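Asker: The following block contains a protein sequence and its predicted model.
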Amino acid sequence: MDKVTRRKFLGGATLAAAGTAMGPWVLRAGAQSGPIKIGVVLPYSGVYAVLGESITQAMELVFAREGWTVAGRKIELIKEDDEMQPPVGVRKTEKLIDSDKVDILTGPVHSGILMGMRDKVHNSKTILIVSNAGADAISRERCSKWIFRTSFSNWQPCQPMGDWVAKNVSKDVFLTAPNYQAGKDMMNAFKETFVPAGGKVVAEDYPKLGETDYAPYLTKIRQSGAKAVFAFYSGTDAVNFVKQFDQFGLKQSIKLTGAGFLTEPDVLPAQGKSALGVITGHFYTPLLDNATNHRFVKEFRDKYFGKMPDGFACQGYDTAEVILRALKAVNGNTQDKDKLVDAITKVEFDSPRGRFRFDPKTHNVIQPFIYVREVREVYGGLNNVPIDKVANVADPGTGCTLPA
Ligand code: PHB
């Protein structure tokens, strides 16, 4: 035995002896007494920066309520800006997993970033609680035992809208969304029920994510003869699209409908009256009449200077609730990952959106309701007023067999 090896060997023996003297329970408790590290990969800049901010604010509201402690361990958030760039999001994910050694990851907002993160998360057996990005594939052929989603699959807010728009608005519809995975997923989901209900897709158009001048696209919409538009835009894209749609004079003759992100409270104040009358599908509106939502809206507005919580904030709230409840169920033990995955799967609670539960088949949230909402001027401002709803909307989960 050479010297170095012998020293190492003795060091190991000393540690082992100390462990025995203290009792194995001391070591176990020690190993689990450090902070719970939660890695956050969200956009804090770019088109979707307001979404990242809302998710973070609501998570922080819930963790603050618990004194930033769960099962005797401190909660530590390590926040990283993915800058809305898939390579940046993937690099930050690797840093959080490999260097920071986070216990749980959450984020991202952008479907392309989620797809880029997926293999790193899956292969390193890191628990990821998706707090926005809706990429359908993550609940389908690319699902993973380690990935849960508290937000939505892109299919969920749009599939029920196809049938609804065909029956209640028009059968001649123009589809438009940014040219990336979420846009494609959402328009496909809409078509799934729109076409069987007798709807005709007059045309489709996919401007780049982050487009600022929609004039060429609005010209095509005007010339298409469509009676309605179904659109997905979010963040600053939603502000620009909805305002320019109105400024272009299309509002009088063409009904604007879409995925709920188009008129969420994060963008409504900037859209102003241009958003009036827009009809969208979403799992949440701050107007929901349940006790958890009343408390959430009040506490969120008190803490964030009157800001109205949006669906993204609801997702942040639910992500924090899932983390807290699962960690309590396993007494703060983040080392037994199988047990933690089991505990997360079983979490159920009253969320601002209604009863929250995961679909055990996909690890994606089952939406208690998808609301059809219309922007109206009520309660002293612009609000998404529910006018219809569809219950228990679960992603079909085609091609997902868990554990995968
Ligand atoms: C997505 O990329 O999955 C995404 C982004 C913004 C939204 C919804 C979905 O509002």
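Answerer: Great, that's in hand.
Asker: Every contact and neighbour count from this point should use C-alpha atoms.
Answerer: Noted.
Asker: for Lys167, what are its contacts?
Answerer: Residues near Lys167 by C-alpha atoms under 8 Å, 6 or more residues apart in numbering: Ala197.
Asker: Check the gap between the residue nearest to the spatial centre of the chain and Pro86 for me.
Answerer: Centroid-nearest residue in the chain, with C-alpha atoms, centre = their mean: Asn132, separated by 1.5 Å. Going from Asn132 to Pro86 by C-alpha to C-alpha, to the nearest Å gives 15 Å.
Asker: about what we covered before: hang on, the residue nearest to the centre of the chain packs against Ala313?
Answerer: No - between Asn132 and Ala313 there is no contact under C-alpha atoms under 8 Å: 10.0 Å.
Asker: Next, please give the residue ranges for the strands of the stretch 1-150 of the chain.
Answerer: Secondary structure of the stretch 1-150 of the chain by DSSP state E, counting those that start in this stretch: the strands cover 36-42, 69-70, 73-81, 104-107, 127-130, 147-149.
Asker: what would these look like in JSON lines with distance to the ligand?
Answerer: Listed next are the strands of the stretch 1-150 of the chain as JSON lines, based on distance: least, C-alpha to the nearest ligand atom, whole Å:
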{"stretch": "strand 36-42", "distance to the ligand": "11"}
{"stretch": "strand 69-70", "distance to the ligand": "30"}
{"stretch": "strand 73-81", "distance to the ligand": "15"}
{"stretch": "strand 104-107", "distance to the ligand": "11"}
{"stretch": "strand 127-130", "distance to the ligand": "10"}
{"stretch": "strand 147-149", "distance to the ligand": "11"}
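Asker: can I get the ones you listed in JSON lines with distance to Asn392 and mean pLDDT?
Answerer: Output for the strands of the stretch 1-150 of the chain, formatted as JSON lines (distance: least, C-alpha to C-alpha, whole Å; pLDDT from 0 to 100):
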{"stretch": "strand 36-42", "distance to Asn392": "28", "mean pLDDT": "98"}
{"stretch": "strand 69-70", "distance to Asn392": "31", "mean pLDDT": "98"}
{"stretch": "strand 73-81", "distance to Asn392": "32", "mean pLDDT": "98"}
{"stretch": "strand 104-107", "distance to Asn392": "24", "mean pLDDT": "98"}
{"stretch": "strand 127-130", "distance to Asn392": "20", "mean pLDDT": "98"}
{"stretch": "strand 147-149", "distance to Asn392": "16", "mean pLDDT": "99"}
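Asker: And those strands: which comes nearest Thr219?
Answerer: Each of those has some distance to Thr219 by C-alpha to C-alpha; the shortest is strand 36-42, at 34.2 Å.
Asker: Not including adjacent chain positions, what is the nearest residue to whatever residue of the stretch 251-400 of the chain ends up closest to the ligand?
Answerer: For the stretch 251-400 of the chain, the residue closest to the ligand is Phe261, as judged by C-alpha to the nearest ligand atom, at 4.7 Å. Sequence neighbours aside, Ser234 is the residue nearest to Phe261 in space, at 5.3 Å (criterion: C-alpha to C-alpha, 6 or more residues apart in numbering).
Asker: okay, now Glu66: neighbour count?
Answerer: 12 (other C-alpha atoms under 10 Å).
Asker: Gly67 now?
Answerer: Neighbour count for Gly67, taken as other C-alpha under 10 Å: 11.
Asker: ok, now Lys243?
Answerer: 19.
Asker: do the one 4 residues further on as well
Answerer: Using other C-alpha under 10 Å, Gln247 has 12 other residues around it.
Asker: start the count at 261, not 1, going forward
Answerer: Let's use 261 as the start, then, which means that last one is Gln507.
Asker: Okay, it and the ligand: tell me how far apart.
Answerer: Distance, Gln507 to the ligand, using C-alpha to the nearest ligand atom, to the nearest Å: 23 Å.
Asker: Next up, the contacts around that residue.
Answerer: Residues near Gln507 by C-alpha under 8 Å, 6+ apart: none.
Asker: before we move on, what about the one 10 residues further on?
Answerer: By C-alpha under 8 Å, 6+ apart, the contact set of Thr517 is Ala488, Val489, Phe490, Ala491, Val538, Ile539, Thr540.
Asker: who does the third one bridge with?
Answerer: Listed by DSSP bridges, the beta-bridge partners for Phe490 are Leu435, Thr517.
Asker: Assess the claim that it and Asp432 are in contact.
Answerer: No - with contact defined as C-alpha under 8 Å, Phe490 does not reach Asp432; the gap is 10.3 Å.
Asker: The two: which is more packed in?
Answerer: Using other C-alpha under 10 Å, the more surrounded residue of Phe490 and Asp432 is Phe490, with 25 against 19.
Asker: and Pro656, what pLDDT?
Answerer: What the model reports for Pro656 is a pLDDT of 98.
Asker: Give me the three-state assignment for it.
Answerer: At Pro656 the chain is in coil, as set by DSSP: H, G, I helix; E, B strand; the rest coil.
Asker: Burial check on Lys444, number of neighbours?
Answerer: 17.
Asker: Summarise which helices and strands the helix or strand it falls within is packed against.
Answerer: Using DSSP states H and E, Lys444 sits within helix 441-454. On a contact count with 3 or more C-alpha pairs under 8 Å, 6 or more residues apart in numbering; DSSP states H and E, helix 441-454 meets helix 371-383, helix 415-428, strand 432-436.
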